[in-house]
Structures are given as structure tokens and as C-alpha cells.
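J.: give me the fold of what follows.
(one chain, ligands or ions: 1)
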Amino acid sequence: MLIPREYILQKFYQFAGYPQFKKHSNTYIAGCPICREGKSWGKKRRCIYIVEDNAICCHNCGWYSDTIKWIQEVSGQTFSEILNESKEFDILPLDVLSEKKEPIKLKPVEDLPKDCINLFDEKQVEFYKDNEVVQDALALVRRRRIDTAINKPETLWLSLNDRTHKNRIVIPFYNESNNIIFYQSRAIYEKDLKFYPKYLSKINGEKSLYNINKITPDIDYIFIFEGPIDSFFIKNGTAVAGIQENSNTMFSKLQEVQLNSFKFHKKIWVLDSQWSDKASRNKTNKLIENGESVFIWPESIGKKYKDINDLCIDQGKSNLDIEFIISNSHTDMKAKLLMSVICR
Ligand SMILES: [Zn+2]
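T.: Next up is the predicted model:
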């Protein structure tokens, strides 16, 4: 590296607001000195120094550059001034800085179930070519069009010996720094449904939003699904990993924070077809009451398919038309009216 990391860190501590070290992801987060966090200076830390990538970005103003460019921007120094200064710089021990206490929060989950195999890694799959469970998992992945879906996760896992998540497809939830901090597993075999539900969340893990690292500002919307698999089929799709039918809280604390950093995106909920599922009808009504915008399945397709994955399988789609979702999403009176027709 051209410039010592300690020097960059020193500059980051000097110019960014109230920095914190995130040990498990090896990142530093702080108040962004470029946008001053909009109206949230002193409250939010959306500026991130990603040590491994030698990059600094901001989830509020969208700044993204290498570290030197960022130092140029915030310090007003030229490239050569920075270079010279860094040569004379007294190296500060890193551990002095990382000793800062972090505020209390749930321990992040970064471990997957035991001995996981990545089903998207050709080499690993080749190694297990004679393993029946691996082959059954891959068949399910192809049957549900997961392997071609536009918003599929970076990796997809399977454990052959985890106590709880054994023989289930494990869907990773990456955070903003591309770390897996949560996961949900889905049963492969019908017979296993006697012991465990079809979907299982990481035990003791705080729910994170699915593929939050893939949300782009190019699309004005974020589409919120209950389960991740449906959200694989649309850009800016995310999932909450289940909502309670009778609860007013739709998000975990962490999910709320994550969603708040995309406050300029309009949010649309996409649930299973209200025509075929009573729980979905109840949840839709609840969301409408809470002032949310909800995709309401048109009768012709809502009676034919139970969810987005079914629709995509039958119609051979990997990338759902965003306009189709937007044009069938409603709030308030219009939404209530359409729901009253379905509930009749
Ligand atoms: Zn910023």
C-alpha cells in the first residue's frame, strides 16, 4: 500500500465524527464529514472505512472512493501533501484506537451452521457430486429458479451435519459491510417438516434485512418481502424473515436502523397472494392500517399463484417487472377497498 494504514486511520479519526471500530467486520464507522449526516449529525454513523478494500463510503450521501481521495476531500490537502505527510508520520499503535468501548448491542452472528458447503461454488459442488443430499439441494435450487434469480445471495449454503439446520438450504443475510450476520434455512425434504418448520431462523440472532448490501439508489423503491426466496426475483428486494400476524412491530431494531439509511426510497410490501392465504390477508390489513404501501395481488394471478416464487417458476422469470409490482401497490382507502373485495 502506498500509504500506511495507521496514517489513514489517524486521518479518519481526525475528520470523521465520533468513530467506532467494528471488530468482526474490520471496519470503522463514523459520522460523515462530507454530508454531516444530513440532519442527524451526532446521532448516526453512516460513513464507513472498509479496511480490507482501502475504501471509504457513506450510506447517507453515497460517497465512495479510495482512502486517499477521501482524505483529499475532507482535509483539503493535495495528493502529494498527503504522501509527504504520511512518510513523516509517527506510527500510532492500532490497538490504542480499537480499545474504545462500543455501546451495548446484540452480538453479531457471523458463523454459519456447522461445516457448510457453498452451493454456488462449482469446486465444492464438484467435490460432492456423489452426495445425495447435495444433489437434492441443487435440484431444489434449480426447480425454484434460485440459481438464475436476479437478486439471489452471493453464496448459498448447505450443512450435512449441523444439529438444527442439517439437510436444509441456508440463505445468508449479508449486512452493509458484506458480512453474513444472520441466516434462514429452508427444509429440502417433506419428511423433515414433521420435526421443524419449513423455514428456520438462526437461533439467538437478531434479524437483519436480506441483501441490504445490494440496495441501489438507481431504483426509487425497496420491495419488502416476508421470506427471502420471493425477494430473489426483483431488484432492490429485501426480506424481514417473517412478521407476526398480530404485531405492530414489523422490523427488528437492527432492521429499522438499516432501513432508515435508505429514507429516500419508497417502501412497498409484497406478501403471498391475499386470494389464497388468510394469514396474508390479515397481515395486509395490518400493514394498511399502519399506513404502509402493499402490493395487492390482482385476481387473475392471485388465484393462480400463491407467491412470487411460484409465479416466476411458472412464467420462467428470473427478474420480476418492477412496474408490475408498483402499479398494483396501494395505500389507505384504495388498498382497503381492494382488500374488502378479496375478503368478501
Ligand atoms: Zn455522507
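J.: part of a helix, is residue 49?
T.: No - counting by DSSP: H, G, I helix; E, B strand; the rest coil, residue 49 falls outside a helix, being strand.
J.: report the contact partners of it.
T.: 8-9, 12, 16, 27-30, 55-56, 67 (CB atoms under 8 Å, 6 or more residues apart in numbering). Heads up, the C-betas are built off the backbone N, CA and C, glycines and all.
J.: distance of the closest residue to it other than its chain neighbours relative to the ion?
T.: For residue 49, ignoring the flanking residues on the chain, the nearest one in space by CB to CB, 6 or more residues apart in numbering is residue 28 at 4.2 Å. Per CB to the ion, to the nearest Å, residue 28 is found 14 Å from the ion.
J.: what's residue 28 in contact with, if anything?
T.: Contact analysis of residue 28 by CB under 8 Å, 6+ apart lists 9, 12, 16, 19-22, 48-49, 51.
J.: hmm, try it at 7 Å
T.: 12, 19-22, 49 (CB atoms under 7 Å, 6 or more residues apart in numbering).
J.: circling back: for the contacts of residue 49, which one is nearest residue 315?
T.: When these are ranked by distance to residue 315 (CB to CB), residue 55 comes first, at 39.2 Å.
J.: now stretch 260-280: mean pLDDT?
T.: Averaged over stretch 260-280, pLDDT sits at 93.
J.: can you list the residues of the stretch 51-200 of the chain near the ion?
T.: 58, 60-61 (CB under 5 Å from the ion).
J.: ok, which stretches of the stretch 1-150 of the chain are helices?
T.: Ranges of helices in the stretch 1-150 of the chain, per DSSP state H, counting those that start in this stretch, are 5-15, 67-75, 79-88, 94-98, 122-127, 132-143.
J.: export these to TSV and tack on distance to residue 334, mean pLDDT and mean neighbour count?
T.: Formatted as TSV, the helices of the stretch 1-150 of the chain follow (distance: least, CB to CB, whole Å; pLDDT from 0 to 100; neighbours: other CB atoms under 10 Å):
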stretch	distance to residue 334	mean pLDDT	mean neighbour count
helix 5-15	48	88	19
helix 67-75	46	94	19
helix 79-88	56	86	13
helix 94-98	52	44	12
helix 122-127	47	90	12
helix 132-143	37	96	15
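J.: so can I have CSV of the ones you listed showing distance to residue 344?
T.: Putting the helices of the stretch 1-150 of the chain into CSV (distance: least, CB to CB, whole Å) gives the following:
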stretch, distance to residue 344
helix 5-15, 59
helix 67-75, 58
helix 79-88, 68
helix 94-98, 61
helix 122-127, 49
helix 132-143, 35
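J.: run through the stretch 151-300 of the chain and note the low-pLDDT ranges.
T.: Scanning the stretch 151-300 of the chain with the threshold set as pLDDT under 70 gives 246.
J.: what's around the residue in the stretch 201-344 of the chain that the ion sits nearest to, how many residues?
T.: Using CB to the ion, the single residue of the stretch 201-344 of the chain nearest to the ion is residue 261, 10.5 Å away. Residues lying near residue 261 (other CB atoms under 10 Å) number 17.
J.: repeat that for the one 5 residues further on.
T.: Applying other CB under 10 Å, we find 13 other residues in the vicinity of residue 266.
J.: beta-bridge partners for it, please?
T.: residue 221 (DSSP bridges).
J.: so how far is residue 222 from it?
T.: According to CB to CB, to the nearest Å, residue 266 and residue 222 sit 7 Å apart.
J.: please apply the same query to residue 129.
T.: In terms of CB to CB, residue 129 sits 39 Å off from residue 222.
J.: same check on residue 271?
T.: 15 Å.
J.: which of the two has more neighbours?
T.: Legend: neighbour count by other CB under 10 Å for residue 271 and residue 222, higher for residue 271 (24 against 19).
J.: ok, that one - contacts?
T.: By CB under 7 Å, 6+ apart, the contact list for residue 271 reads 226, 280, 283-284.
J.: which residues in the stretch 151-300 of the chain form helices?
T.: Under DSSP H, counting those that start in this stretch, the stretch 151-300 of the chain gives helices at 228-231, 253-260, 278-289, 299-302.
J.: identify, out of those helices, the most deeply packed stretch.
T.: Of all these, helix 228-231 carries the top mean neighbour count, a mean of 24, counting by mean count of other CB atoms under 10 Å.
J.: so what secondary structure elements neighbour it?
T.: Applying 3 or more CB pairs under 7 Å, 6 or more residues apart in numbering; DSSP states H and E, one finds that helix 228-231 contacts strand 237-239, helix 308-315.
J.: with distance to the ion and mean neighbour count added, can I get these in CSV?
T.: What follows is those, written out as CSV (distance: least, CB to the ion, whole Å; neighbours: other CB atoms under 10 Å):
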stretch, distance to the ion, mean neighbour count
strand 237-239, 22, 26
helix 308-315, 34, 18
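J.: need the ones you listed in JSON lines (columns: distance to residue 111).
T.: Below are the helices and strands packed on helix 228-231 laid out as JSON lines (distance: least, CB to CB, whole Å):
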{"stretch": "strand 237-239", "distance to residue 111": "21"}
{"stretch": "helix 308-315", "distance to residue 111": "28"}
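J.: and the residue located most distally from the centre of the chain, how far from residue 76?
T.: Using CA atoms, centre = their mean, the residue of the chain lying farthest from its centre is residue 88. It sits 41.5 Å away. For residue 88, the distance to residue 76 (CB to CB) stands at 19 Å.
J.: just how off-centre is stretch 37-56 within its chain?
T.: Stretch 37-56 has its C-alpha centroid displaced from the chain centroid by 18 Å (CA atoms, centre = their mean, to the nearest Å).
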